[in-house]
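> next comes the sequence, and after it the predicted model I'd like to discuss.
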Amino acid sequence: MYRPQSDHGTDQDIAGEGIANPIGTIWAGAMMMQHLGYPRLHDTLMEAIETVLREAGNLTRDMGGNASTRKLGQAVVAATTR
(Lines give C-alpha, C1' and ligand atoms only; values in the text may rest on other atoms or scores of the structure.)
Protein backbone atom coordinates (compact mmCIF):
# COMPACT_ATOMS: atom_id res chain seq x y z
CA MET A 1 0.00 0.00 0.00
CA TYR A 2 1.33 3.42 -0.94
CA ARG A 3 1.72 5.81 1.94
CA PRO A 4 2.80 9.35 1.19
CA GLN A 5 5.42 10.94 3.36
CA SER A 6 3.88 11.90 6.67
CA ASP A 7 3.24 15.55 7.32
CA HIS A 8 3.48 16.81 10.88
CA GLY A 9 0.23 16.20 12.72
CA THR A 10 -1.48 14.04 10.09
CA ASP A 11 -0.99 10.74 11.99
CA GLN A 12 -0.67 8.74 8.79
CA ASP A 13 1.22 6.13 10.77
CA ILE A 14 -2.04 5.18 12.55
CA ALA A 15 -4.41 5.67 9.63
CA GLY A 16 -6.98 2.91 9.38
CA GLU A 17 -6.12 1.39 12.75
CA GLY A 18 -9.11 2.85 14.61
CA ILE A 19 -7.01 4.28 17.42
CA ALA A 20 -7.16 8.01 16.65
CA ASN A 21 -8.90 10.36 19.05
CA PRO A 22 -11.85 12.01 17.21
CA ILE A 23 -12.54 14.67 19.87
CA GLY A 24 -10.58 17.43 18.11
CA THR A 25 -12.58 16.95 14.93
CA ILE A 26 -15.90 16.87 16.77
CA TRP A 27 -14.91 19.94 18.78
CA ALA A 28 -13.96 21.79 15.58
CA GLY A 29 -17.39 20.92 14.20
CA ALA A 30 -19.00 22.33 17.34
CA MET A 31 -17.02 25.54 16.96
CA MET A 32 -18.09 25.79 13.32
CA MET A 33 -21.74 25.42 14.34
CA GLN A 34 -21.32 28.30 16.80
CA HIS A 35 -19.66 30.43 14.13
CA LEU A 36 -22.46 29.69 11.67
CA GLY A 37 -25.11 30.76 14.17
CA TYR A 38 -26.19 27.45 15.68
CA PRO A 39 -25.35 27.94 19.37
CA ARG A 40 -27.71 25.19 20.57
CA LEU A 41 -26.00 22.63 18.34
CA HIS A 42 -22.61 23.85 19.58
CA ASP A 43 -23.75 23.44 23.18
CA THR A 44 -25.21 20.00 22.51
CA LEU A 45 -21.95 18.76 21.00
CA MET A 46 -19.82 20.23 23.78
CA GLU A 47 -22.05 18.74 26.48
CA ALA A 48 -21.87 15.37 24.73
CA ILE A 49 -18.07 15.52 24.63
CA GLU A 50 -17.92 16.39 28.33
CA THR A 51 -20.36 13.62 29.25
CA VAL A 52 -18.58 10.95 27.24
CA LEU A 53 -15.10 11.81 28.50
CA ARG A 54 -16.23 11.26 32.10
CA GLU A 55 -16.57 7.53 31.36
CA ALA A 56 -13.22 5.72 31.31
CA GLY A 57 -14.51 3.11 28.86
CA ASN A 58 -14.79 5.77 26.15
CA LEU A 59 -11.19 6.98 26.30
CA THR A 60 -8.81 6.31 23.43
CA ARG A 61 -5.20 5.22 23.96
CA ASP A 62 -3.84 8.75 24.01
CA MET A 63 -6.09 9.44 27.01
CA GLY A 64 -5.14 6.28 28.88
CA GLY A 65 -7.98 4.08 27.65
CA ASN A 66 -8.39 1.50 24.94
CA ALA A 67 -11.57 2.60 23.14
CA SER A 68 -11.50 2.75 19.37
CA THR A 69 -12.08 5.85 17.29
CA ARG A 70 -15.48 4.46 16.32
CA LYS A 71 -16.52 3.67 19.91
CA LEU A 72 -15.66 7.17 21.13
CA GLY A 73 -17.39 8.79 18.14
CA GLN A 74 -20.50 6.67 18.58
CA ALA A 75 -20.58 7.49 22.28
CA VAL A 76 -20.59 11.20 21.46
CA VAL A 77 -23.41 10.70 18.95
CA ALA A 78 -25.42 8.71 21.50
CA ALA A 79 -24.88 11.42 24.12
CA THR A 80 -26.40 14.04 21.82
CA THR A 81 -29.74 12.22 21.96
CA ARG A 82 -29.92 11.75 25.76
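Received it, and whenever you're ready, just let me know what you need. Since we're looking at a predicted model, the values are computed, not measured.

> and R82, how many neighbours?
Counted with other C-beta atoms under 10 Å, residues neighbouring R82 total 8. To be clear about C-beta, it is placed using only N, CA and C from the backbone, and glycine gets the same treatment.

> which strands and helices sit next to the longest helix seen in the chain?
Determined from DSSP state H, the single longest helix within the chain is helix 39-53. Applying 3 or more C-beta pairs under 8 Å, 6 or more residues apart in numbering; DSSP states H and E, we find helix 39-53 packed against helix 23-35, helix 69-79.

> for it, buried residues please.
L41, H42, T44, L45, M46, A48, I49, T51, V52, L53 (16 or more other C-beta atoms under 10 Å).

> just to revisit the earlier point, let's have the helices and strands packed on helix 39-53 in CSV, adding mean pLDDT and mean neighbour count.
What follows is the helices and strands packed on helix 39-53, written out as CSV (pLDDT from 0 to 100; neighbours: other C-beta atoms under 10 Å):
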stretch, mean pLDDT, mean neighbour count
helix 23-35, 97, 14
helix 69-79, 96, 17
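
> next, count neighbours for E55.
Using other C-beta under 10 Å: E55 sits among 12 other residues.

> what pLDDT does it get?
On the pLDDT scale, E55 is placed at 94.

> disregarding flanking residues, what is the spatial nearest neighbour of I14?
A20 (5.8 Å; C-beta to C-beta, 6 or more residues apart in numbering).

> so that neighbour makes contact with M63?
No. Assessed by C-beta atoms under 8 Å, A20 is found out of contact with M63, at 11.6 Å.

> those two: which is more packed in?
A20 (19 against 14).
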